[in-house]
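**Student:** kindly return the folded structure for what I paste below:
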Amino acid sequence: MFQVFFSLIAVVGASVHLVFSPKRRSSGAAIAGTYLLYLFFFYVGLMGLLTAYAHVFRPIETSASIGWSTSPYEYEVGMADLTVGVLGILCLKFRDNFWLATAIANAVWLLGDAIGHVRQMTLNNDHASNNSGIFLDTEIIMPLVILALTLYYRRREAKVA
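**Tutor:** Take a look at the predicted model:
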C-alpha cells in the first residue's frame, strides 16, 4: 500500500507545483522533469527509506504482510531498499545521467521484486496484501513510468541543448 500512497503524493505534489508555477506554459521536458523530481524524491527516495526501515527494524511485521517467514535476509533486503532510496533523495541534487541510473536501479529493483511476488502467488498461493493486488500493479507500472519519463526527458533536453 506504500507504493500507491507515495505515487499519489508525487503526482499530486508535482501537479500542484506546476499549477502554481509562474511558468505554466512550460515545455514538455520541463513538465516531465517536474514529475520526475517528485517521483524520484517521494516514490523512489522516501518509499525506499521507509521500506528499508520496515525490513531492518520491523522484519516480523513486514514479512507477515508479504506472506513470508522472517529471514536473516530481511536485513539485506532493507539495505537494498536503503540504497535505492538514497539514490532517489540524491536526485534533488544531481541530474542527467544520475537520473537515468536511478531510474534503471529502481526499475531493476521493483520489477525484480514483482517477478518474485508473482512467483510466490503462483507457486505458493501467496495473496497477502503486500504481495499481490494493487501493490503488485503499482510495483510494475511505476518503475516503467519513471523510466519512460526519464528517457523522454533526456531526449527532449538534448534537443534544447
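
**Student:** mind listing what the residue nearest the centre of the chain touches?
**Tutor:** Centroid check for the chain by Cα atoms, centre = their mean gives V44 as the closest residue, at 3.6 Å. Residues in contact with V44 (Cβ atoms under 8 Å, 6 or more residues apart in numbering) are V84, G85, L87, G88, C91, T102, N106, I146. (Glycine included, C-beta is placed from N, CA and C.)

**Student:** confidence score at the nearest residue to the fifth one once chain neighbours are set aside?
**Tutor:** Same thing as C91. Leaving aside its chain neighbours, C91 sits nearest to F40 (3.7 Å; criterion: Cβ to Cβ, 6 or more residues apart in numbering). Listed pLDDT for F40 reads 98.

**Student:** who touches F40 in this structure?
**Tutor:** Contact partners of F40, counting by Cβ under 8 Å, 6+ apart, are G88, C91, L92, W99, T102, I146.

**Student:** what residues does stretch 89-100 touch?
**Tutor:** 36-37, 40-41, 44-46, 49, 87, 102, 150-151, 153-154.

**Student:** do me a favour and get the end-to-end distance for it?
**Tutor:** 14 Å (Cα to Cα, to the nearest Å).
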